[in-house]
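K.L.:
All I have is the shape, not the residue letters:
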Ligand code: SF4
């Protein structure tokens, strides 16, 4: 049963310099056509067995949509799926691209969680990132969300911004905590190829903070958020108890989900598929009754196990040793060196990355997968 739904809204006011998400400048007429296409795609997923546990409307900047757009989407979801009584419906919102009326409309339609892209409370850093908002816009957004009666909101923050200091990051974290969110995501800024930031970093026009400064920032987030009652439940994510993102946990647990919209991914029945990221083609295909799916791949046993390790070790609880063995992986037997180095540990039947290893988690996971693959056939095959 597929109980999770992702909807992609690929519109923003303008492109931020570091962004490699699928998005283009917002245009109301185009957004209207896109929403109609989305509703058509939702109808194709109509599933009587599904009782949605979580819906995540991401982008892009979904908070740019009109009240009518949200209304259309909600009606379409309702005719295609049943909702669990405790369904979590999240919408991504950006300061400077949301107003009080939109907040009220979303809440009246059942949205019960907002993920707010604040990124920083330092106006110079926001300018460097090419964000459209200021720190006071961010404060206004959070105060408006609270005034509308929503307490379940998350704040996205970025560290490793050119010009950012440990002190300004400390202030950003403190100001975020002072707003009383239930969830905070802290992502390291990485200059991806194809973004405006990439050539600027290459040419030295902008300089990223040193690696040890970045590690200090990450360490500070873990310390400060831990002292503020947040549970560090995934490499980049912190939540008050009970407020972990259901959509994201399902992804890290390799749960199934439908993804609708341009560039959206789905994972159903052991098959990962992806819609076309060409927004025009996406709209045109759905207007002509053609599937927008661009590619799909049935995972092999090895793919499944690799994903199990890659995604599972991102979670702070780590991987169940019993489940690993059920998947034919001798995880504990292959982690001896990493355990001796204090980078991994065994805790209550789970093997996980330690606080010391956390900042190196991507490298550790790669190293572990390579080691398991080199051990030979059978070590990476699911039973
Ligand atoms: S608001 Fe978010 S999705 Fe939109 S351009 Fe900026 S980073 Fe990308």
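P.N.:
Here it is on my side, so go on. The shown structure was predicted, so the numbers you read here are calculated from the model rather than taken from an experiment.

K.L.:
Any figure for the gap between residue 156 and the ligand?
P.N.:
Counting by Cβ to the nearest ligand atom, to the nearest Å, the gap from residue 156 to the ligand is 9 Å. In this view, the C-beta of every residue, glycine as well, is placed from N, C-alpha and C.

K.L.:
which parts of the stretch 51-200 of the chain sit against the ligand?
P.N.:
59-61, 94, 117 (Cβ under 6 Å from any ligand atom).

K.L.:
can you list the residues you listed in JSON lines and add secondary structure and neighbour count?
P.N.:
JSON lines is the format used below for those (DSSP: H, G, I helix; E, B strand; the rest coil; neighbours: other Cβ atoms under 10 Å):
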{"residue": "59", "secondary structure": "strand", "neighbour count": "24"}
{"residue": "60", "secondary structure": "coil", "neighbour count": "25"}
{"residue": "61", "secondary structure": "coil", "neighbour count": "24"}
{"residue": "94", "secondary structure": "coil", "neighbour count": "27"}
{"residue": "117", "secondary structure": "strand", "neighbour count": "24"}
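
K.L.:
So which of these is the closest to residue 204?
P.N.:
Nearest to residue 204 among these, counting by Cβ to Cβ, is residue 117 at 27.9 Å.

K.L.:
Quick check: the closest residue to the ligand within the stretch 201-350 of the chain vs residue 96, distance?
P.N.:
Nearest residue of the stretch 201-350 of the chain to the ligand: residue 263, at 11.7 Å (Cβ to the nearest ligand atom). Look at residue 263 and residue 96: by Cβ to Cβ, to the nearest Å, they are 24 Å apart.

K.L.:
Name the SS class of the residue of the stretch 201-350 of the chain closest to the ligand, please.
P.N.:
Going by DSSP: H, G, I helix; E, B strand; the rest coil, the secondary structure assigned to residue 263 is coil.

K.L.:
surely residue 102 meets residue 69?
P.N.:
No. Assessed by Cβ atoms under 8 Å, residue 102 is found out of contact with residue 69, at 9.8 Å.

K.L.:
re earlier: neighbour count for residue 263 and residue 96, which is higher?
P.N.:
The neighbour comparison of residue 263 against residue 96 (other Cβ atoms under 10 Å) goes to residue 263, with 20 against 17.

K.L.:
Run through the strands of the stretch 151-300 of the chain in chain order.
P.N.:
Applying DSSP state E, counting those that start in this stretch to the stretch 151-300 of the chain gives strands spanning 153-159, 183-188, 231-234, 237-239, 258-260, 265-268, 271-275, 293-298.
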